[in-house]
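1. Sharing a sequence plus its predicted fold:
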Amino acid sequence: MSPTEPEEPTPTWDGPMPEWTSEPPRVDVVPCGVCAATPTERFNFFQQVGVYRLHEAKKTEGYWCRTCALSIGRRVQTRTIFTGWAGYGSLGPNMTNIGENPSELKAVAKMDEAEPNERTLKPGPPVVARVAVALAIIAIVFVILWTLLA
Ligand SMILES: [Zn+2]
């Protein structure tokens with residue numbers, strides 16, 4: 001280096017030293033698809049809609065916080081129990097969905113609670129305590145009795 005060249009300024013950092021942790025930075029934090037709260041997890045809920053000979057499977061999936069996931073999962077499960085029986089080909093898939101959604105709901109229940117905000121959904125009553133589910137059970141019992149007694 002010749003003496004005429006200007007000296008390169010030495011980079012300095014006057015701020016606080018960044019904290020060094022052994023944990024890698026979390027890059028997988030996805031905000032809730034409904035209320036933007038964190039933490040979230042990815043969930044899939046399945047709904048079966050059966051009408052006479054037609055049946056349709058719907059999948060509701062997304063990253064949701066605990067409260068929103070609980071609300072969505074319970075709503076989908078209630079709809080499946082209520083609407084999934086009215087088609088001939090729907091019975092088998094509906095049994096599968098009714099069996100799968102509770103395992104997703106159990107995973108939701110294990111999540112850490114996110115800080116709720118005004119957009120966070122209300123979880124509502126548990127699936128077994130919903131009127132639509134009670135009506136579906138009454139209807140199924142009625143159909144079974146009708147079939148047996150006819
Ligand atoms: Zn949420």
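-> Here it is on my side, so go on.
2. Flag every residue of this structure that's near the ion.
-> Those residues of the chain that sit near the ion, judged by Cβ under 5 Å from the ion, are 32, 34, 35, 37, 65, 68, 120. The way it works is simple: take the backbone N, C-alpha and C, and place the C-beta from them, glycine included.
3. give me every residue that touches the third one.
-> If you count contacts by Cβ atoms under 8 Å, 6 or more residues apart in numbering, residue 35 has them with 65, 67, 68, 114, 116, 117, 119, 120, 121.
4. at 6 Å what do you get?
-> Contact partners of residue 35, counting by Cβ atoms under 6 Å, 6 or more residues apart in numbering, are 68, 117, 119, 120.
5. Can you list the low-confidence ranges for this structure?
-> 1-6, 9, 11, 13, 17-28, 51-54, 85-91, 93 (pLDDT under 70).
6. and if we set it to 80?
-> Using pLDDT under 80 as the threshold, the predicted model of the chain has low-confidence ranges 1-28, 48-57, 82-99, 128, 133, 150.
7. residue boundaries of the helices in it?
-> With DSSP state H as the criterion, the chain has helices at 66-83, 91-109, 131-149.
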